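Student: with the input below, show me the fold.
(2 chains)
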There are 2 protein chains.
Amino acid sequence: MEQVVLEPIGIIRSPHQEGTATPIQPIFAGGRRGRAEIDPAYAEGLSDLEGFSHIYLIYHFHQVNGWQPLVTPFLDHHQHGLFATRAPKRPNPIGLSIVRLLDIREGVLDIENVDILNGTPLLDLKPYVPDFDQFEVDSIGWLQTTSQHVNSTRSDRRFSSKDQPD
Amino acid sequence: MEQVVLEPIGIIRSPHQEGTATPIQPIFAGGRRGRAEIDPAYAEGLSDLEGFSHIYLIYHFHQVNGWQPLVTPFLDHHQHGLFATRAPKRPNPIGLSIVRLLDIREGVLDIENVDILNGTPLLDLKPYVPDFDQFEVDSIGWLQTTSQHVNSTRSDRRFSSKDQPD
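Tutor: The predicted model follows:
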(Lines give C-alpha, C1' and ligand atoms only; values in the text may rest on other atoms or scores of the structure.)
Protein backbone atom coordinates (compact mmCIF):
# COMPACT_ATOMS: atom_id res chain seq x y z
CA MET A 1 0.00 0.00 0.00
CA GLU A 2 1.08 3.55 -0.65
CA GLN A 3 2.77 5.66 1.96
CA VAL A 4 0.72 8.43 3.53
CA VAL A 5 2.55 11.75 3.72
CA LEU A 6 1.20 14.37 6.14
CA GLU A 7 2.17 17.99 6.85
CA PRO A 8 1.67 19.22 10.41
CA ILE A 9 -1.01 21.91 10.71
CA GLY A 10 0.46 23.37 13.88
CA ILE A 11 2.37 22.72 17.06
CA ILE A 12 1.34 21.83 20.60
CA ARG A 13 2.81 23.83 23.49
CA SER A 14 2.65 22.30 26.95
CA PRO A 15 4.46 22.36 30.29
CA HIS A 16 5.73 18.83 29.61
CA GLN A 17 9.35 19.13 28.48
CA GLU A 18 10.26 15.46 28.84
CA GLY A 19 8.45 12.25 28.01
CA THR A 20 9.53 10.84 31.34
CA ALA A 21 7.34 13.25 33.31
CA THR A 22 4.32 13.48 31.03
CA PRO A 23 0.94 12.22 32.27
CA ILE A 24 -0.27 9.19 30.38
CA GLN A 25 -3.78 10.39 29.57
CA PRO A 26 -5.57 13.76 29.46
CA ILE A 27 -7.89 12.93 32.35
CA PHE A 28 -4.81 12.42 34.54
CA ALA A 29 -3.12 15.62 33.44
CA GLY A 30 -4.61 17.42 36.44
CA GLY A 31 -5.95 20.37 34.52
CA ARG A 32 -2.53 21.12 33.04
CA ARG A 33 -2.94 23.82 30.41
CA GLY A 34 -1.30 24.22 27.05
CA ARG A 35 -1.85 25.65 23.60
CA ALA A 36 -2.27 24.41 20.07
CA GLU A 37 -0.80 26.97 17.67
CA ILE A 38 -2.33 26.52 14.24
CA ASP A 39 -0.45 27.56 11.12
CA PRO A 40 -2.10 30.71 9.66
CA ALA A 41 -2.76 28.80 6.41
CA TYR A 42 -5.36 26.73 8.29
CA ALA A 43 -6.80 29.34 10.68
CA GLU A 44 -10.02 29.95 8.72
CA GLY A 45 -10.89 26.28 9.20
CA LEU A 46 -11.15 26.87 12.96
CA SER A 47 -14.34 28.93 12.73
CA ASP A 48 -17.18 27.57 14.91
CA LEU A 49 -14.82 25.21 16.73
CA GLU A 50 -15.06 27.50 19.77
CA GLY A 51 -18.59 26.18 20.39
CA PHE A 52 -17.26 22.75 21.40
CA SER A 53 -16.09 22.18 24.96
CA HIS A 54 -13.92 19.16 24.08
CA ILE A 55 -11.87 18.32 21.01
CA TYR A 56 -9.68 15.51 19.71
CA LEU A 57 -6.06 16.30 18.98
CA ILE A 58 -4.36 13.89 16.57
CA TYR A 59 -0.61 14.36 16.58
CA HIS A 60 2.78 12.86 15.80
CA PHE A 61 4.77 11.26 18.63
CA HIS A 62 7.82 12.98 17.18
CA GLN A 63 10.25 11.91 19.89
CA VAL A 64 9.71 8.18 19.63
CA ASN A 65 11.67 5.95 17.35
CA GLY A 66 10.93 2.34 16.51
CA TRP A 67 8.42 -0.05 18.01
CA GLN A 68 8.14 -3.58 19.36
CA PRO A 69 5.14 -5.92 19.01
CA LEU A 70 4.94 -6.59 22.76
CA VAL A 71 5.24 -3.90 25.41
CA THR A 72 4.89 -3.63 29.16
CA PRO A 73 2.64 -0.59 29.53
CA PHE A 74 2.86 1.94 32.36
CA LEU A 75 -0.24 0.50 33.93
CA ASP A 76 0.82 -3.11 34.26
CA HIS A 77 3.73 -5.43 34.94
CA HIS A 78 2.88 -7.84 32.14
CA GLN A 79 3.56 -7.66 28.43
CA HIS A 80 0.70 -6.98 26.06
CA GLY A 81 0.41 -6.63 22.32
CA LEU A 82 1.27 -3.08 21.32
CA PHE A 83 -2.15 -2.45 19.75
CA ALA A 84 -3.84 -3.44 23.02
CA THR A 85 -2.11 -0.44 24.63
CA ARG A 86 -1.90 3.31 24.10
CA ALA A 87 1.92 3.24 24.22
CA PRO A 88 3.54 5.85 21.93
CA LYS A 89 6.08 3.57 20.23
CA ARG A 90 3.85 2.31 17.42
CA PRO A 91 4.44 1.39 13.77
CA ASN A 92 2.73 4.70 12.97
CA PRO A 93 3.41 6.91 15.99
CA ILE A 94 0.08 8.73 16.01
CA GLY A 95 -1.21 10.15 19.30
CA LEU A 96 -4.84 10.81 20.17
CA SER A 97 -5.92 13.01 23.09
CA ILE A 98 -9.24 14.51 24.09
CA VAL A 99 -8.68 17.91 25.68
CA ARG A 100 -10.92 20.65 26.99
CA LEU A 101 -11.07 23.69 24.72
CA LEU A 102 -10.99 26.93 26.72
CA ASP A 103 -10.58 29.63 24.10
CA ILE A 104 -9.47 30.36 20.55
CA ARG A 105 -7.74 33.60 19.58
CA GLU A 106 -5.94 34.29 16.32
CA GLY A 107 -5.27 30.69 15.50
CA VAL A 108 -4.16 29.74 19.03
CA LEU A 109 -6.27 27.26 21.02
CA ASP A 110 -6.03 27.39 24.80
CA ILE A 111 -6.51 23.82 26.00
CA GLU A 112 -6.75 22.00 29.34
CA ASN A 113 -5.83 18.47 30.48
CA VAL A 114 -2.82 18.33 28.21
CA ASP A 115 -0.85 15.06 28.31
CA ILE A 116 1.29 15.94 25.30
CA LEU A 117 4.98 16.78 25.06
CA ASN A 118 5.90 20.40 24.30
CA GLY A 119 6.73 20.93 20.62
CA THR A 120 4.59 18.04 19.33
CA PRO A 121 3.48 18.42 15.68
CA LEU A 122 -0.31 18.57 15.36
CA LEU A 123 -1.87 16.67 12.44
CA ASP A 124 -5.61 17.16 12.89
CA LEU A 125 -8.33 18.51 15.16
CA LYS A 126 -11.86 17.15 15.40
CA PRO A 127 -14.84 18.14 17.57
CA TYR A 128 -15.67 15.64 20.34
CA VAL A 129 -19.36 14.74 20.20
CA PRO A 130 -20.85 12.38 22.83
CA ASP A 131 -23.40 11.04 20.33
CA PHE A 132 -20.52 9.92 18.09
CA ASP A 133 -17.85 9.15 20.64
CA GLN A 134 -19.40 7.55 23.70
CA PHE A 135 -20.27 3.88 23.75
CA GLU A 136 -21.37 1.40 26.36
CA VAL A 137 -18.44 -0.88 26.69
CA ASP A 138 -18.56 -4.54 27.75
CA SER A 139 -14.89 -5.13 28.36
CA ILE A 140 -11.57 -3.29 28.63
CA GLY A 141 -9.22 -6.26 28.49
CA TRP A 142 -6.14 -6.22 30.69
CA LEU A 143 -7.05 -2.74 31.95
CA GLN A 144 -9.98 -4.26 33.85
CA THR A 145 -7.78 -5.03 36.85
CA THR A 146 -5.35 -2.15 36.62
CA SER A 147 -7.31 0.95 35.64
CA GLN A 148 -7.85 2.05 39.22
CA HIS A 149 -4.14 2.84 39.48
CA VAL A 150 -3.79 5.11 36.49
CA ASN A 151 -4.39 8.37 38.31
CA SER A 152 -0.92 8.64 39.75
CA THR A 153 0.91 6.99 36.89
CA ARG A 154 3.34 8.98 34.78
CA SER A 155 5.41 8.09 31.79
CA ASP A 156 8.89 6.67 32.28
CA ARG A 157 11.90 5.76 30.19
CA ARG A 158 10.27 2.77 28.55
CA PHE A 159 9.14 5.14 25.82
CA SER A 160 12.11 7.42 25.81
CA SER A 161 13.30 9.80 23.09
CA LYS A 162 15.65 9.08 20.22
CA ASP A 163 18.50 10.26 22.42
CA GLN A 164 17.81 7.63 25.01
CA PRO A 165 17.72 4.22 23.37
CA ASP A 166 16.16 1.54 25.52
CA MET B 1 7.90 21.42 10.39
CA GLU B 2 8.92 18.08 9.00
CA GLN B 3 6.59 15.89 6.99
CA VAL B 4 5.25 12.79 8.69
CA VAL B 5 5.47 9.66 6.54
CA LEU B 6 3.28 6.70 7.51
CA GLU B 7 2.98 3.16 6.18
CA PRO B 8 -0.46 1.54 6.39
CA ILE B 9 -0.56 -1.42 8.79
CA GLY B 10 -3.51 -3.04 7.04
CA ILE B 11 -6.67 -2.51 5.08
CA ILE B 12 -10.32 -2.09 6.04
CA ARG B 13 -12.95 -4.20 4.26
CA SER B 14 -16.55 -3.07 4.42
CA PRO B 15 -19.81 -3.27 2.48
CA HIS B 16 -19.44 0.43 1.60
CA GLN B 17 -18.17 0.62 -1.96
CA GLU B 18 -18.86 4.30 -2.53
CA GLY B 19 -18.42 7.38 -0.36
CA THR B 20 -21.86 8.57 -1.43
CA ALA B 21 -23.63 5.75 0.42
CA THR B 22 -21.41 5.45 3.49
CA PRO B 23 -22.88 6.24 6.92
CA ILE B 24 -21.34 9.30 8.51
CA GLN B 25 -20.53 7.82 11.92
CA PRO B 26 -20.13 4.30 13.36
CA ILE B 27 -23.16 4.59 15.65
CA PHE B 28 -25.29 5.21 12.55
CA ALA B 29 -23.83 2.32 10.59
CA GLY B 30 -26.69 0.10 11.77
CA GLY B 31 -24.51 -2.77 12.86
CA ARG B 32 -22.87 -3.01 9.43
CA ARG B 33 -20.00 -5.47 9.69
CA GLY B 34 -16.56 -5.37 8.17
CA ARG B 35 -13.00 -6.50 8.72
CA ALA B 36 -9.63 -4.97 9.41
CA GLU B 37 -6.95 -7.10 7.78
CA ILE B 38 -3.63 -6.48 9.49
CA ASP B 39 -0.36 -7.00 7.64
CA PRO B 40 1.36 -10.14 9.04
CA ALA B 41 4.38 -8.01 10.01
CA TYR B 42 2.22 -6.42 12.73
CA ALA B 43 0.07 -9.38 13.79
CA GLU B 44 1.97 -10.12 17.01
CA GLY B 45 1.10 -6.61 18.23
CA LEU B 46 -2.60 -7.61 18.27
CA SER B 47 -2.25 -9.95 21.25
CA ASP B 48 -4.64 -9.12 24.13
CA LEU B 49 -6.62 -6.72 21.93
CA GLU B 50 -9.42 -9.31 21.83
CA GLY B 51 -10.26 -8.42 25.45
CA PHE B 52 -11.59 -5.00 24.42
CA SER B 53 -15.16 -4.65 23.16
CA HIS B 54 -14.52 -1.36 21.34
CA ILE B 55 -11.49 -0.02 19.51
CA TYR B 56 -10.41 3.11 17.67
CA LEU B 57 -9.51 2.78 14.02
CA ILE B 58 -7.30 5.56 12.66
CA TYR B 59 -7.15 5.51 8.90
CA HIS B 60 -6.43 7.41 5.70
CA PHE B 61 -9.34 8.92 3.76
CA HIS B 62 -7.63 7.68 0.62
CA GLN B 63 -10.34 8.73 -1.81
CA VAL B 64 -10.49 12.38 -0.89
CA ASN B 65 -8.38 15.01 -2.52
CA GLY B 66 -7.93 18.59 -1.38
CA TRP B 67 -9.77 20.55 1.29
CA GLN B 68 -11.48 23.88 1.85
CA PRO B 69 -11.47 25.92 5.08
CA LEU B 70 -15.27 26.20 5.18
CA VAL B 71 -17.62 23.28 4.52
CA THR B 72 -21.32 22.61 4.69
CA PRO B 73 -21.44 19.33 6.63
CA PHE B 74 -23.98 16.57 6.05
CA LEU B 75 -25.79 17.52 9.20
CA ASP B 76 -26.46 21.16 8.49
CA HIS B 77 -27.30 23.69 5.81
CA HIS B 78 -24.78 26.26 7.00
CA GLN B 79 -21.05 26.54 6.44
CA HIS B 80 -18.71 25.80 9.31
CA GLY B 81 -14.98 25.79 9.73
CA LEU B 82 -13.58 22.47 8.56
CA PHE B 83 -12.06 21.66 11.96
CA ALA B 84 -15.48 22.15 13.61
CA THR B 85 -16.72 19.20 11.51
CA ARG B 86 -15.80 15.55 10.96
CA ALA B 87 -15.80 16.00 7.17
CA PRO B 88 -13.21 13.82 5.38
CA LYS B 89 -11.68 16.51 3.15
CA ARG B 90 -9.10 17.80 5.62
CA PRO B 91 -5.54 19.13 5.26
CA ASN B 92 -4.45 15.77 6.68
CA PRO B 93 -7.21 13.34 5.65
CA ILE B 94 -7.14 11.20 8.79
CA GLY B 95 -10.30 9.34 9.79
CA LEU B 96 -11.22 8.23 13.30
CA SER B 97 -13.91 5.63 14.03
CA ILE B 98 -14.85 3.72 17.15
CA VAL B 99 -16.08 0.25 16.20
CA ARG B 100 -17.17 -2.82 18.09
CA LEU B 101 -14.61 -5.62 18.02
CA LEU B 102 -16.26 -9.02 17.55
CA ASP B 103 -13.36 -11.39 16.99
CA ILE B 104 -9.72 -11.65 15.95
CA ARG B 105 -8.39 -14.58 13.95
CA GLU B 106 -5.02 -14.76 12.22
CA GLY B 107 -4.55 -11.04 11.94
CA VAL B 108 -8.11 -10.34 10.80
CA LEU B 109 -10.42 -8.30 13.05
CA ASP B 110 -14.16 -8.76 12.65
CA ILE B 111 -15.74 -5.40 13.43
CA GLU B 112 -19.23 -3.96 13.71
CA ASN B 113 -20.70 -0.49 13.09
CA VAL B 114 -18.37 0.19 10.22
CA ASP B 115 -18.75 3.62 8.58
CA ILE B 116 -15.60 3.26 6.48
CA LEU B 117 -15.16 2.83 2.74
CA ASN B 118 -14.01 -0.58 1.50
CA GLY B 119 -10.28 -0.65 0.78
CA THR B 120 -9.35 2.11 3.23
CA PRO B 121 -5.71 1.99 4.46
CA LEU B 122 -5.50 1.49 8.23
CA LEU B 123 -2.84 3.49 10.07
CA ASP B 124 -3.34 2.58 13.73
CA LEU B 125 -5.56 0.72 16.22
CA LYS B 126 -6.04 1.68 19.86
CA PRO B 127 -8.18 0.19 22.62
CA TYR B 128 -11.21 2.30 23.59
CA VAL B 129 -11.29 2.83 27.34
CA PRO B 130 -14.18 4.76 28.94
CA ASP B 131 -11.93 6.06 31.74
CA PHE B 132 -9.73 7.69 29.09
CA ASP B 133 -12.25 8.48 26.39
CA GLN B 134 -15.51 9.59 27.95
CA PHE B 135 -15.95 13.14 29.18
CA GLU B 136 -18.85 15.20 30.41
CA VAL B 137 -19.30 17.73 27.71
CA ASP B 138 -20.74 21.24 28.15
CA SER B 139 -21.29 22.14 24.53
CA ILE B 140 -21.26 20.65 21.04
CA GLY B 141 -21.35 23.86 19.01
CA TRP B 142 -23.45 23.89 15.85
CA LEU B 143 -24.38 20.22 16.37
CA GLN B 144 -26.51 21.23 19.35
CA THR B 145 -29.50 21.92 17.13
CA THR B 146 -28.90 19.33 14.45
CA SER B 147 -27.65 16.16 16.12
CA GLN B 148 -31.10 14.63 16.41
CA HIS B 149 -31.14 14.21 12.64
CA VAL B 150 -27.91 12.29 12.18
CA ASN B 151 -29.40 8.84 12.43
CA SER B 152 -30.71 8.76 8.89
CA THR B 153 -28.01 10.88 7.33
CA ARG B 154 -25.65 9.38 4.80
CA SER B 155 -22.70 10.76 2.94
CA ASP B 156 -23.22 12.49 -0.38
CA ARG B 157 -21.14 13.91 -3.20
CA ARG B 158 -19.87 16.87 -1.22
CA PHE B 159 -16.92 14.67 -0.25
CA SER B 160 -16.56 12.76 -3.44
CA SER B 161 -13.61 10.82 -4.78
CA LYS B 162 -10.73 12.05 -6.89
CA ASP B 163 -12.70 11.04 -9.96
CA GLN B 164 -15.53 13.36 -9.07
CA PRO B 165 -14.17 16.86 -8.51
CA ASP B 166 -16.61 19.21 -6.80
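Student: give me the buried positions along the biggest strand by length in chain A.
Tutor: Criterion DSSP state E: the longest strand present in chain A is strand A:94-105. Buried residues in strand A:94-105, counted by 16 or more other CB atoms under 10 Å in any protein chain shown: A:Ile94, A:Gly95, A:Leu96, A:Ser97, A:Ile98, A:Val99, A:Arg100, A:Leu101, A:Ile104. From N, CA and C alone the C-beta is placed, and that goes for glycine too.
Student: please see if stretch A:8-20 touches chain B.
Tutor: Yes - using CB under 8 Å from any CB of the partner chain, we find that stretch A:8-20 touches chain B at A:Pro8, A:Ile9, A:Ile11.
Student: among those residues, which one has the most neighbours?
Tutor: Of all these, A:Ile9 has the most neighbours under the rule other CB atoms under 10 Å in any protein chain shown, reaching 25 neighbours.
Student: excluding chain neighbours, what is closest to it?
Tutor: If you skip the residues right next to it in sequence, A:Ile9 has A:Tyr42 as its closest partner in space, 4.9 Å away by CB to CB, 6 or more residues apart in numbering or on different chains.
Student: A:Tyr128: what's its closest spatial neighbour, skipping adjacent residues?
Tutor: A:Tyr128 sits nearest to A:His54 (CB to CB, 6+ apart), 3.9 Å away.
Student: count the residues that sit near the one you found.
Tutor: Quick note: A:His54 (other CB under 10 Å) scores 23 neighbours.
Student: my guess is it meets A:Leu109, correct?
Tutor: No - in this structure A:His54 lies outside contact range of A:Leu109 using CB atoms under 8 Å: 11.9 Å.
Student: now do the shared contacts for these two.
Tutor: A:Leu101 (CB atoms under 8 Å, 6 or more residues apart in numbering or on different chains).
Student: ok, stretch A:129-144 near chain B or not?
Tutor: Yes - using CB under 8 Å from any CB, stretch A:129-144 comes into contact with chain B via A:129-135, A:137-144.
Student: which members of those are classed as buried?
Tutor: For those, buried by 16+ other CB under 10 Å: A:Val129, A:Phe132, A:Asp133, A:Gln134, A:Phe135, A:Val137, A:Ile140, A:Gly141, A:Trp142, A:Leu143.
Student: from those residues, which land in strands?
Tutor: Among those, no member lies in strands (by DSSP E).
Student: mind putting those into JSON lines with pLDDT?
Tutor: Below are these laid out as JSON lines (pLDDT from 0 to 100):
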{"residue": "A:Val129", "pLDDT": "93"}
{"residue": "A:Phe132", "pLDDT": "89"}
{"residue": "A:Asp133", "pLDDT": "92"}
{"residue": "A:Gln134", "pLDDT": "92"}
{"residue": "A:Phe135", "pLDDT": "90"}
{"residue": "A:Val137", "pLDDT": "93"}
{"residue": "A:Ile140", "pLDDT": "93"}
{"residue": "A:Gly141", "pLDDT": "93"}
{"residue": "A:Trp142", "pLDDT": "91"}
{"residue": "A:Leu143", "pLDDT": "89"}
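Student: and which of those is nearest B:Gln17?
Tutor: Looking at these and their distance to B:Gln17, the nearest is A:Phe132, at 23.1 Å (CB to CB).
Student: what's near enough to touch that closest one?
Tutor: B:Gln25, B:Pro26, B:Ile27, B:Arg86, B:Ile98.
Student: then A:Pro130?
Tutor: B:Val137, B:Ile140.
Student: in chain A, where is pLDDT below threshold?
Tutor: Within chain A, the segments meeting pLDDT under 70 span A:20-21, A:27-29, A:147-166.
Student: where exactly do the strands run in it?
Tutor: Counting by DSSP E, the strands of chain A are A:4-6, A:10-13, A:33-38, A:54-60, A:70-71, A:80-81, A:94-105, A:108-112, A:120-127.
Student: thought A:His78 was touching A:Leu70?
Tutor: No - with contact defined as CB under 8 Å, A:His78 does not reach A:Leu70; the gap is 9.8 Å.
Student: more neighbours: those two, which one.
Tutor: A:Leu70 (15 against 10).
Student: nearest spatial neighbour of the more buried one, chain-adjacent residues omitted?
Tutor: Per CB to CB, 6+ apart, closest to A:Leu70 is A:Gln79, 4.5 Å.
Student: for the one you found, give me its contacts.
Tutor: Contacts of A:Gln79 (CB under 8 Å, 6+ apart): A:Leu70, A:Val71, A:Thr72.
Student: look up phi and psi at it.
Tutor: phi -80, psi 150 (degrees, to the nearest 10).
Student: distance check, it against B:Ala87.
Tutor: Per CB to CB, to the nearest Å, A:Gln79 is found 39 Å from B:Ala87.
Student: cheers, nothing more for now.
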